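K.L.:
Give me a 3D structure for the following:
(one chain, ligands or ions: 2)
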Amino acid sequence: MKGHLTRNLFPEPQKTKGRVMSTIAAFYSGKSILITGATGFLGKVLMEKLFRTSPDLKVIYILVRPKAGQTLQQRVFQILNSKLFEKVKDVCPNVHEKIRAIYADLNQNDLAISKEDKQELLSCTDIVFHCAATVRFDDHLRHAVQLNVTATQQLLLMASQMPKLEAFIHISTAFSNCNLKHIDEVIYPCPVEPKKIIDSMEWLDDAIIDEITPKLIGDRPNTYTYTKALGEMVVQQESSNLNIAIVRPSIVGATWQEPFPGWVDNLNGPSGLIIAAGKGFLRAIRGTPKAVADLIPVDTVANLTLAVGWYTAVNRPKSTLIYHCTSGNFNPCYWGKMGFQVLAAFEKIPFERAFRRPYADFTTNTITTQYWNAVSHRAPAIIYDFYLRLTGRKPRMTKLMNRLLRTVSMLEYFLNRSWEWSTYNTEMLMSELSPEDQRVFNFDVRQLNWLEYIENYVLGVKKYLLKEDMAGVPKAKQHLKRLRNIHYLFNTALFLIAWRLLIARSQMARNVWFFIVNFCYKFLSYFRASSTLKV
Ligand SMILES: CCCCCCCCCCCCCCCCCCCCCCCCCCCC(=O)SCCNC(=O)CCNC(=O)[C@H](O)C(C)(C)COP(=O)(O)OP(=O)(O)OC[C@H]1O[C@@H](n2cnc3c(N)ncnc32)[C@H](O)[C@@H]1OP(=O)(O)O
Ligand SMILES: NC(=O)C1=CN([C@@H]2O[C@H](COP(=O)(O)OP(=O)(O)OC[C@H]3O[C@@H](n4cnc5c(N)ncnc54)[C@H](OP(=O)(O)O)[C@@H]3O)[C@@H](O)[C@H]2O)C=CC1
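P.N.:
Ligands and ions are numbered 1, 2, ... in the order given. Below is the predicted model of the structure:
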C-alpha cells in the first residue's frame with residue numbers, strides 16, 4: 001500500500017462563511033474510520049472532534065464490548081447523549097446513523113469480530129486509530145500482553161488486508177521507554193522479541209509468569225510501560241506494507257479548550273489524586289517539586305492524532321514516524337508549581353463533604369514519606385474508623401486509605417523523574433499545517449496557561465467526576481471552616497494533654513513551665529504599669 005496514491009487525497013480547500021475550510025477536516029469528509037478504544041477517555045474526545053469538524057464523514061466504526069450490564073447500543077447511546085457530545089448534535093444531527101458499533105473483545109485472539117463485520121471492516125475502512133489498551137499499571141503480564149501487544153498484532157494483520165486503508169495510527173505512550181532519560185522519535189528494541197513473549201504467554205502458567213515478570217520488565221516500573229514498548233516493536237515489525245504512524249502522549253489530563261475546558265471522565269493520572277487531595281485524604285506524597293510535570297490535555301492529543309492521520313495518509317512517509325505529544329519541551333510546568341496551583345484552586349472550588357481540610361506537601365525521601373503516611377494518613381483513618389465503630393457504623397476509612405497509598409506508591413515513579421522527549425516530528429507537522437488547521441486542530445501547548453488549565457481541571461473533576469454542583473460551594477466552604485476549628489481544637493487538646501503528662505513526669509519540664517508562667521506574669525505586670533503611667 002505504501003507509496004502509491006489511489007484516490008484524490010488532496011481535496012481542494014473549500015470556503016465556509018468566508019473562511020477557508022480546514023484541509024484536515026475536509027480530508028476526513030466521506031471517510032470510513034475505524035477507532036478502537038472509542039469508549040475510553042481519549043477515544044471519546046477523538047470521536048467527538050471528528051464528528052464536530054467533519055460531519056460529512058461517512059461512518060465511524062468502533063470496536064466495543066458489552067460492559068457493566070450494558071449492551072453495545074446502550075453504551076453508544078450513553079456516549080452520544082453525554083455532555084461531551086452536546087455540540088456534536090448541532091453540527092451533525094444524524095450522528096447516530098454515522099456511528100457503527102461492532103462487537104469485539106480484544107482479550108480474545110481473533111478479537112471476537114464476526115465474519116460479516118470483519119468483511120465490512122476490511123472492505124470499507126480508510127483510516128484506523130488504535131487507541132484501545134489496558135492502562136492499569138499493575139495488570140497481570142498475560143493480560144497486558146494480550147491487549148497491548150497481541151491485539152495490536154491482530155489489528156495490524158486485519159489492516160494489511162484492507163485495500164482502501166490510507167493510514168494506521170497507533171497510540172502508544174511517551175513512557176514506553178521511561179527507563180531512558182532522553183527519548184528520541186525512534187522505536188527502541190526490548191531484549192526479548194514480542195513474538196517470543198506472545199508465544200510464551202500461551203503455555204506458561206500464572207505462577208511462572210509472576211516469577212519472570214520483574215526480570216522481563218527490567219528497569220521499567222510496570223507491565224503497562226513494558227507492554228506498550230512491545231506493542232511499538234510489533235508495529236515496527238508489521239509495518240512493511242502499511243502506512244503507519246505512532247503517537248506517544250505523556251500524562252493525559254482534562255480538556256484544555258474543546259469541546260469545553262475541564263472535561264474528564266476517569267480517575268487515571270492526576271484526576272484521582274486531585275480528588276484524594278481535595279477531599280483531604282492525601283496529605284503528603286513523595287515527589288520532586290522540581291521535576292517536570294509532563295501533562296498534556298486530552299483535546300491536544302486528539303488534535304495531534306487527527307493531524308497525524310491526515311499527514312500520514314497524504315504524504316505517505318517512507319518510514320514509520322513517531323510523534324511525541326508532550327508539554328515539557330514547549331511549556332514546562334513542575335510538580336511543585338502544579339501542586340501549589342491545585343491547592344490554590346481548592347480555595348475557590350472546594351469539594352463537598354471533605355474528610356479533612358485540603359493541604360498536601362511533597363516529601364523527598366522514604367523515611368519522611370513513611371512518617372507522614374503514619375501520622376497524616378493512617379492515624380486519622382484509624383481514629384475515624386474508631387469513631388464510626390463507636391457510633392454503630394461500619395469502619396471503612398483504613399481500607400480506603402490503604403488503597404489510596406497503594407495507588408500513590410504506583411504513581412510516585414512518575415513524580416520523581418524528568419524526561420526529555422525530542423519533538424522534531426511534532427514541530428515539523430505543526431509547520432506543515434495551514435493557519436486554519438493550526439487553529440482548528442491546535443496542538444501548540446506553548447499557548448497553554450497552566451494556572452487557568454489547572455483551575456478548569458479542578459472544576460471539571462468537581463463537576464464531571466464527583467457530580468457536585470457549584471451551588472454547594474458556600475456549604476462546602478462552611479464545612480472546611482468547621483474542619484479547621486476542629487483541627488485547632490484537637491491540636492490544642494493534644495498539646496495540653498502532652499504537656500500535662502510531661503510536667504507530671506519531669507522536673508526539667510516543670511522548671512520550664514514555671515519560668516514561662518513567671519515571665520508572662522512579669523511581662524503583663526510591666527505592661528499594665530506602663531499603660532497606667534501614660535494615663
Ligand atoms: C511547594 C508547593 C507545595 C504544594 C505541594 C502540594 C503537593 C500536593 C499535591 C496535591 C495533589 C495534586 C495532584 C497533582 C497531580 C499529581 C498527579 C500525579 C500523577 C502522576 C501519574 C503519572 C502517570 C503517568 C504514566 C504514564 C501515562 C500513561 O501512559 S497511562 C495512563 C495512566 N494510567 C493510570 O493512571 C492507571 C493507574 N491506575 C491503576 O493502575 C490502577 O487503578 C491502580 C493500580 C492504581 C489501582 O488498582 P486496584 O485494583 O487496587 O483498584 P481499582 O479497582 O482500579 O480502583 C480502586 C479504587 O481506586 C480508585 N482509583 C483508581 N485509579 C485511581 C487513581 N489513579 N487515583 C486515585 N484513585 C484511583 C478507583 O476508582 C477505585 O475506587 P472505588 O471505586 O471507590 O473503590
Ligand atoms: N490516559 C493517559 O494518561 C495516557 C494514555 N495513553 C494511551 O492512550 C490510549 C487511550 O488511553 P485512555 O483513553 O486513557 O484509556 P481508557 O482506559 O480510558 O480506555 C481504554 C479503551 O480500551 C478499551 N478496551 C480495553 N480492553 C478492551 C477489550 N478487551 N476489548 C475491547 N476494548 C477494550 C476500553 O473499552 P471499555 O470501555 O470496554 O473498557 C476503552 O475504550 C491507550 O493506548 C493508552 O496507552 C498514553 C499516554 C497517557
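
K.L.:
what about the residue lying closest to V88 once chain neighbours are set aside, helix or strand, and which?
P.N.:
The shortest distance from V88 to any residue other than its chain neighbours is 4.6 Å, reached at F51 (Cβ to Cβ, 6 or more residues apart in numbering). Where you see a C-beta, it was placed from the backbone N, CA and C, and this is true even at glycine. F51 belongs to helix 41-53 when assigned by DSSP states H and E.

K.L.:
Output the contacting helices and strands for that helix.
P.N.:
helix 23-28, strand 32-36, strand 59-64, helix 86-91, helix 298-315 (3 or more Cβ pairs under 8 Å, 6 or more residues apart in numbering; DSSP states H and E).

K.L.:
Let's see that with 7 Å instead.
P.N.:
strand 32-36, helix 86-91, helix 298-315 (3 or more Cβ pairs under 7 Å, 6 or more residues apart in numbering; DSSP states H and E).

K.L.:
How far off centre is the next helix-or-strand element following the second one?
P.N.:
Going down the chain from helix 86-91, the next helix or strand is strand 99-103, by DSSP H and E. Between the centre of strand 99-103 and the centre of its chain there are 25 Å (Cα atoms, centre = their mean, to the nearest Å).

K.L.:
ok, strand 99-103 near ligand 2 or not?
P.N.:
No - using Cβ under 6 Å from any ligand atom, strand 99-103 stays clear of ligand 2, with a minimum separation of 9.6 Å.

K.L.:
Check the average confidence over that strand, would you?
P.N.:
Computed over strand 99-103, the mean pLDDT rounds to 98.

K.L.:
Now do that strand against strand 32-36: the angle between them, please.
P.N.:
Put simply, strand 99-103 runs at 50 degrees to strand 32-36, going by axes from the mean of the first three to the mean of the last three Cα atoms, to 10 degrees.

K.L.:
Strand 99-103 pairs with which strands?
P.N.:
When sheet partners are counted by DSSP bridges, strand 99-103 sits next to strand 59-64 (parallel).

K.L.:
just the CA coordinates of the strand it pairs with, formatted as CSV?
P.N.:
C-alpha atoms of strand 59-64 as CSV (Å, rounded to 0.1, in the frame of the first residue of the first chain):
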residue,chain,number,x,y,z
VAL,A,59,-19.0,6.3,9.1
ILE,A,60,-17.1,5.7,12.3
TYR,A,61,-16.7,2.0,13.2
ILE,A,62,-16.0,1.5,16.8
LEU,A,63,-14.9,-1.9,18.3
VAL,A,64,-16.9,-2.2,21.5
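
K.L.:
Tell me which other helices or strands the following helix or strand past that strand touches.
P.N.:
Scanning forward in sequence from strand 59-64 by DSSP H and E, the next helix or strand is helix 72-80. Counting contacts by 3+ Cβ pairs under 7 Å, 6+ apart, helix 72-80 is packed against strand 99-103.

K.L.:
Could you identify the helix or strand that succeeds the strand it packs on?
P.N.:
The helix or strand immediately downstream of strand 99-103 is helix 115-124, counting by DSSP H and E.

K.L.:
re earlier: hmm, the helix holding F51 in reach of ligand 2?
P.N.:
Yes - Helix 41-53 reaches ligand 2 (Cβ under 6 Å from any ligand atom) through 41-43.

K.L.:
Tell me what angle that helix forms with helix 298-315.
P.N.:
Going by the same axes, to 10 degrees, helix 41-53 makes 70 degrees with helix 298-315.

K.L.:
Need the residues that contact helix 41-53.
P.N.:
22, 25, 28, 33, 35, 37-38, 57, 60, 79, 84-85, 87-88, 91-92, 95, 129, 131, 171, 252, 255, 258-259, 265-266, 268, 298-299, 301-303, 305-306, 440 (Cβ atoms under 7 Å, 6 or more residues apart in numbering).

K.L.:
Next: stretch 495-511.
P.N.:
Defining contact as Cβ under 7 Å, 6+ apart, one finds that stretch 495-511 is touched by W513.

K.L.:
Work out for me the element A245 sits within.
P.N.:
strand 244-249.

K.L.:
quick revisit: for the residues of helix 41-53 next to ligand 2, which single residue is the most surrounded?
P.N.:
L42 (24 neighbours; other Cβ atoms under 10 Å).

K.L.:
what's the spacing between the closest residue to ligand 2 within the chain and L106?
P.N.:
When scored by Cβ to the nearest ligand atom, the chain has G40 as its residue closest to ligand 2, at 2.1 Å. G40 sits 12 Å away from L106, going by Cβ to Cβ, to the nearest Å.

K.L.:
So for the two, which sits in the more crowded spot?
P.N.:
Neighbour totals were compared for G40 and L106, and L106 leads with 24 against 19 (other Cβ under 10 Å).

K.L.:
sec struct for the nearest residue to the more buried one once chain neighbours are set aside, please.
P.N.:
Excluding the flanking residues, the one nearest L106 by Cβ to Cβ, 6+ apart is A151, at 3.9 Å. Per DSSP: H, G, I helix; E, B strand; the rest coil, the local secondary structure of A151 is helix.

K.L.:
How confident was the prediction at A151?
P.N.:
Reported pLDDT for A151: 98.

K.L.:
can you state the direction angle for the helix holding F51 and helix 72-80?
P.N.:
Going by the same axes, to 10 degrees, helix 41-53 is angled at 70 degrees with respect to helix 72-80.

K.L.:
tell me the angle helix 41-53 makes with strand 244-249.
P.N.:
Using the same axes, to 10 degrees: helix 41-53 against strand 244-249 is 110 degrees.

K.L.:
hmm, helix 41-53 touching ligand 1?
P.N.:
No - if you take Cβ under 6 Å from any ligand atom as the test, helix 41-53 misses ligand 1, and the best it gets is 8.6 Å.

K.L.:
Get me the contact residues on the stretch 151-300 of the chain for ligand 1.
P.N.:
Listed as neighbours of ligand 1 in the stretch 151-300 of the chain under the rule Cβ under 6 Å from any ligand atom: 173, 175, 251, 267-270, 272-274, 276-277, 285, 289.

K.L.:
hang on, the earlier thing: so can I have a markdown table of the residues of helix 41-53 next to ligand 2 showing pLDDT and distance to P317?
P.N.:
Converted to a markdown table, the residues of helix 41-53 next to ligand 2 look like this (pLDDT from 0 to 100; distance: Cβ to Cβ, whole Å):
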| residue | pLDDT | distance to P317 |
| --- | --- | --- |
| F41 | 98 | 28 |
| L42 | 98 | 23 |
| G43 | 98 | 25 |
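
K.L.:
Let me know the closest of the residues you listed to G336.
P.N.:
Of all the residues of helix 41-53 next to ligand 2, F41 has the smallest distance to G336: 26.2 Å, by Cβ to Cβ.
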